[in-house]
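Peer 1: need a 3D model of the following:
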Amino acid sequence: RNCMQVRTPTVATMVMRLPLLHLTLALQSVQAFQLSTQNHRNSIIQKSRDDLRHPNQILRTDGKYRPPFALYVTQSGRTSDDIKQELTAGKLLEGGEVMDFANVQYKESKAEIALANARSRFLNSQGPFASSLSLTTNNGDRLMGINDEVVAEIGYEVGSWAANMQEDIQNCAAYLRYKSSLFSANEDASRFQNLPQSTIDWYEQILAKSYEESGDVTSAFAKTFYLGTKLMPQDAQRAIWAIYVWCRRTDEIVDAERTGYATEEEANEAMLTDLSAWEVRTERLWSHGEVVDILDLPLLDVLCKTTAKGDPLDITPFKDMIRGMLMDIPNLGQDRYQTWEELHLYCYRVAGTVGLMSMPIFGTADKFTAEDAKEPALSLGVAFQITNILRDVGEDAVNRGRVYLPRDDMAKFGVTEEQILNQQMDDNYKRLMQFEIARARKYYARAQRGVAMLAPASRLPVQSSLDCYGAILDKIEKENDYNSLQYRAYVGKWEKLFMVLLSWWKIVWM
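Peer 2: This next block holds a predicted model:
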């Protein structure tokens with residue numbers, strides 16, 4: 001009864017505001033429709049002109065043309081034995097259909113051997129000192145994992161403000177280690193016992209600025225994810241940004257275009273050297289609290305704080321994500337998946353791991369443990385990644401030559417790889433999408449069970465992310481009529497804001 005007395009005015013206020021919100025949404029929709037209609041007309045005219053200049057070519061979503069399917073060759077490097085060894089090492093979690101592939105590595109696989117060789121080359125050439133880890137392949141003075149795409153998307157050179165502050169960065173890291181029980185034994189306590197308040201304030205300013213830039217990166221590349229973080233307390237919000245930036249940089253190390261190399265082999269070798277250097281950096285941050293650049297400080301701070309709370313960040317999902325990045329590398333990973341089980345491993349590594357990374361930040365409610373919430377967390381990561389795959393079928397095929405949809409599923413519904421690469425929509429593809437969307441929703445349903453297991457402050461951001469991302473499936477169905485070959489489903493900002501209100505309503509009555 002007391003809860004109702006507190007909640008009723010808030011709910012009433014929200015309801016009273018709904019008509020105004022609907023009107024605003026309607027006006028925004030009309031404007032967006034007018035703009036999109038004009039853009040669509042212009043694009044048709046431009047495409048007609050371009051098609052005359054590029055006969056028998058397929059237009060990529062980035063505006064470039066590529067040869068038709070007949071000239072496209074797959075570049076999968078994983079053998080059936082590699083795949084079998086890793087799949088059998090996974091563990092089915094009790095009560096669900098989610099596999100836990102934590103720390104699954106088949107050391108004899110081509111990818112693991114290539115990464116191990118790159119690691120040896122890096123350590124032998126650069127030496128074992130942390131300062132050497134700032135040296136990256138063909139990256140100039142930029143921070144590792146920050147390339148042209150990142151700078152263009154954000155609008156400024158990330159970390160440039162701290163370019164000449166290496167000593168300050170290392171002193172700030174030493175201060176964080178000193179305050180933490182995890183690393184305090186490694187620091188000379190006399191350096192910090194009588195530290196002036198002005199120096200402490202300076203370290204806090206450096207850390208705050210590095211968190212701010214982490215938020216900018218998150219906002220630029222993961223808008224739905226960022227919206228969810230804005231509903232969290234500040235410390236938790238900033239911690240999630242720090243984790244996301246590590247993930248973003250890992251992805252950029254693998255995907256960044258590398259120029260100046262004589263052959264593709266040399267470019268791939270440079271990329272593997274960077275990726276192995278990144279893994280070594282990550283290991284040293286966990287084992288010794290070492291940092292190299294300004295964007296490492298927030299992650300060190302999060303590691304120290306979660307350790308102090310008794311639930312430290314586990315390095316395993318971070319290392320597992322690196323293996324997920326390897327799965328996208330031509331001639332080492334996979335650009336085709338035969339079964340759902342194979343794709344499940346990929347989903348765990350590139351998305352399920354994010355759920356595990358975030359669990360110490362979210363925390364759990366009374367009577368629940370992190371182990372209880374593990375299966376729903378992994379389910380949410382899998383659901384998000386399936387959604388990404390279904391949304392981007394056309395883009396992945398046309399731009400990258402990748403087809404993530406399981407071949408067994410495609411055969412079941414009579415959909416061919418040639419059809420996907422050439423963006424040919426038909427009823428068979430529609431039925432395939434209906435099947436895959438149903439699978440994704442099954443994982444969303446399993447993830448929904450876990451929201452109530454989270455600490456109260458974490459429920460709304462997770463619920464809103466679940467609802468906003470799940471809405472992409474609705475867009476594929478209702479707006480695009482299952483055509484993800486030629487259209488990319490998108491949930492607008494105003495729609496997301498309205499969904500946050502609905503998510504809040506669910507949490508209130510949870």
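
Peer 1: which residues in the stretch 251-400 of the chain form helices?
Peer 2: Along the stretch 251-400 of the chain, counting by DSSP state H, counting those that start in this stretch, helices occupy 264-288, 296-308, 316-326, 340-347, 353-362, 370-391, 393-400.

Peer 1: wasn't residue 227 part of a helix?
Peer 2: Yes: assessed with DSSP: H, G, I helix; E, B strand; the rest coil, residue 227 lies in a helix.

Peer 1: number of nearby residues for the closest residue to residue 123 other than its chain neighbours?
Peer 2: Spatially, and ignoring its direct neighbours in sequence, residue 123 is nearest to residue 280 (7.1 Å; CB to CB, 6 or more residues apart in numbering). Every residue, glycine included, has its C-beta placed from N, CA and C. Residue neighbour count, defined by other CB atoms under 10 Å, stands at 19 for residue 280.

Peer 1: next one: residue 280 from residue 460, what distance?
Peer 2: Noted for residue 280: a distance of 38 Å to residue 460, by CB to CB, to the nearest Å.

Peer 1: what's the closest of the helices of the stretch 251-400 of the chain to residue 238?
Peer 2: Checking these against residue 238 by CB to CB gives helix 296-308 as the closest, at 6.7 Å.

Peer 1: pull out the buried positions in that closest one.
Peer 2: Applying a neighbour-count criterion of 16 or more other CB atoms under 10 Å, one finds 296, 297, 298, 299, 300, 301, 302, 303, 304, 305, 306, 307 buried in helix 296-308.

Peer 1: cool, stretch 395-408 as well?
Peer 2: 395, 396, 397, 398, 401, 402, 403, 404, 405, 406, 407.

Peer 1: confidence-wise, which of those residues comes last?
Peer 2: Within the set of the buried residues of stretch 395-408, pLDDT is lowest for residue 401 (88).

Peer 1: surely the residue nearest to residue 123 touches residue 119?
Peer 2: Yes: the pair residue 280 / residue 119 is scored as a contact, 6.8 Å apart, by CB atoms under 8 Å.

Peer 1: so where is the stretch 251-400 of the chain shaky, pLDDT-wise?
Peer 2: Applying pLDDT under 70 to the stretch 251-400 of the chain flags no residue at all.

Peer 1: the strands in the protein, which residues?
Peer 2: Listed in chain order, the strands of the chain (DSSP state E) span 58-59, 65-66, 91-92, 99-100.

Peer 1: against residue 399, how distant is the residue nearest to residue 123?
Peer 2: 31 Å.

Peer 1: and for residue 464?
Peer 2: 30 Å.

Peer 1: also residue 295?
Peer 2: Distance from residue 295 to residue 399, by CB to CB: 28 Å.

Peer 1: what does residue 271 give?
Peer 2: 18 Å.

Peer 1: likewise residue 392?
Peer 2: Distance from residue 392 to residue 399, by CB to CB: 9 Å.

Peer 1: overlap in contacts, these two.
Peer 2: Counting by CB atoms under 8 Å, 6 or more residues apart in numbering, no residue touches both residue 392 and residue 399.

Peer 1: still on that earlier bit, can I get the helices of the stretch 251-400 of the chain in TSV with distance to residue 485?
Peer 2: TSV is the format used below for those (distance: least, CB to CB, whole Å):
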stretch	distance to residue 485
helix 264-288	28
helix 296-308	38
helix 316-326	25
helix 340-347	18
helix 353-362	27
helix 370-391	11
helix 393-400	4
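
Peer 1: of all those helices, which one is nearest residue 452?
Peer 2: From the helices of the stretch 251-400 of the chain, taking CB to CB, the stretch that ends up closest is helix 370-391, at 9.4 Å.

Peer 1: so who does residue 425 touch?
Peer 2: Taking CB under 8 Å, 6+ apart, one finds 483, 485, 486 in contact with residue 425.

Peer 1: again, but for residue 94
Peer 2: residue 375.

Peer 1: any idea how far residue 169 is from it?
Peer 2: Distance from residue 94 to residue 169, by CB to CB: 44 Å.

Peer 1: could you do residue 337 as well?
Peer 2: From residue 337 to residue 169 the distance is 42 Å (CB to CB).

Peer 1: got it, and residue 326?
Peer 2: According to CB to CB, residue 326 and residue 169 sit 30 Å apart.

Peer 1: cool, and residue 357?
Peer 2: For residue 357 relative to residue 169 (CB to CB), the value is 23 Å.

Peer 1: now do residue 498
Peer 2: 42 Å.

Peer 1: find the residue ranges of the stretch 1-150 of the chain scoring beneath the pLDDT cut-off.
Peer 2: Short version for the stretch 1-150 of the chain, where the test is pLDDT under 70: 1-74, 95-96, 126-140.

Peer 1: now with 90, please.
Peer 2: For the stretch 1-150 of the chain, the stretches flagged by pLDDT under 90 are 1-80, 91-99, 121, 124-142, 147-149.

Peer 1: leaving out sequence neighbours, find the closest residue to residue 82.
Peer 2: That would be residue 109: by CB to CB, 6+ apart, it lies 4.1 Å from residue 82.

Peer 1: how about that neighbour, what does it touch?
Peer 2: Contacts of residue 109 (CB under 8 Å, 6+ apart): 78, 79, 82, 85, 86.
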